[in-house]
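Trainee: Okay, sequence plus prediction incoming.
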Amino acid sequence: MKDVAAATLEHLKPLVGLKLSASHRAADMRVFHFGTLQSDDEDSVGDYSLHVQCSWRIQTLDRIITGRHDLFKPAKETEDFDWDTWDWDGNETLQDRLVADFIATISPVVGDVLTDPHGGATLILSDSFCLVLFPADSHGEDWRVFRTECDDEHFVVSGGRVEEGE
């Protein structure tokens with residue numbers, strides 16, 4: 001059995017010194033790009049991609065900036081807003097807006113990485129901000145990290161454990 005914390009640290013350490021350059025989502029999966037942005041056929045991608053499907057948040061010492069559950073809130077509620085017809089998939093969400101604002105305003109750089117034995121990780125960012133990943137399910141993919149323009153295997157955490165052979 002792999003030491004989850006040590007394996008997680010080994011695979012996230014290459015992010016240290018890289019800028020959190022961009023983010024987007026695919027359905028409810030948040031994608032963070034680190035390093036120099038390069039254009040591909042559809043979007044701009046960083047040197048490394050972090051795909052997050054578990055609970056997560058961006059925080060500072062005294063507040064949460066945004067997190068997974070802001071996905072299910074609209075970016076802006078107007079007076080005539082209708083919850084019955086609004087759909088988070090395909091519309092701008094509060095999470096989309098807050099992540100974009102955070103990256104544009106702070107230009108965060110990864111300064112260090114902390115890990116835990118359950119596949120969780122904290123990316124310590126500039127200006128006392130952190131991106132915290134905390135798997136909260138016993139099954140299913142939590143997150144993965146990989147070099148974007150490389151055929152290396154992805155490092156995948158599922159159910160709080162390292163998944164073999166991705």
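Mentor: Received it, and whenever you're ready, just let me know what you need.
Trainee: for stretch 149-160, the distance to its chain's centre please.
Mentor: Between the mean C-alpha location of stretch 149-160 and the chain-wide mean there is a distance of 14 Å, by CA atoms, centre = their mean, to the nearest Å.
Trainee: who touches it?
Mentor: 4, 7-8, 11, 38, 45, 47, 54, 118-120, 135, 137-146, 162-163, 165-166 (CB atoms under 8 Å, 6 or more residues apart in numbering). To be clear about C-beta, it is placed using only N, CA and C from the backbone, and glycine gets the same treatment.
Trainee: can you pull the buried residues of that stretch?
Mentor: Phe155, Val156, Val157, Ser158, Gly160 (16 or more other CB atoms under 10 Å).
Trainee: ditto for stretch 17-27
Mentor: Leu18, Lys19, Leu20, Ser21, Ala22, Ser23, His24, Arg25.
Trainee: ok, of those residues, which one's closest to Asp127?
Mentor: Leu20 (11.8 Å; CB to CB).
Trainee: hang on, the closest one in a strand?
Mentor: Yes: under DSSP: H, G, I helix; E, B strand; the rest coil, Leu20 sits within a strand.
Trainee: so what's it closest to, chain neighbours aside?
Mentor: Pro108 (4.5 Å; CB to CB, 6 or more residues apart in numbering).
Trainee: Quick check: which element contains the nearest residue to Lys13 once chain neighbours are set aside?
Mentor: Closest residue in space to Lys13, ignoring its immediate chain neighbours: Val113 at 5.9 Å, by CB to CB, 6+ apart. Per DSSP states H and E, Val113 falls inside strand 110-115.
Trainee: Against which helices or strands is that strand packed?
Mentor: Secondary-structure packing of strand 110-115 (3 or more CB pairs under 8 Å, 6 or more residues apart in numbering; DSSP states H and E): helix 4-12, strand 121-125.
Trainee: Average pLDDT for it, rounded please.
Mentor: For strand 110-115, mean pLDDT is 98.
Trainee: strand partners of that strand, parallel vs antiparallel please.
Mentor: strand 121-125 (antiparallel) (DSSP bridges).
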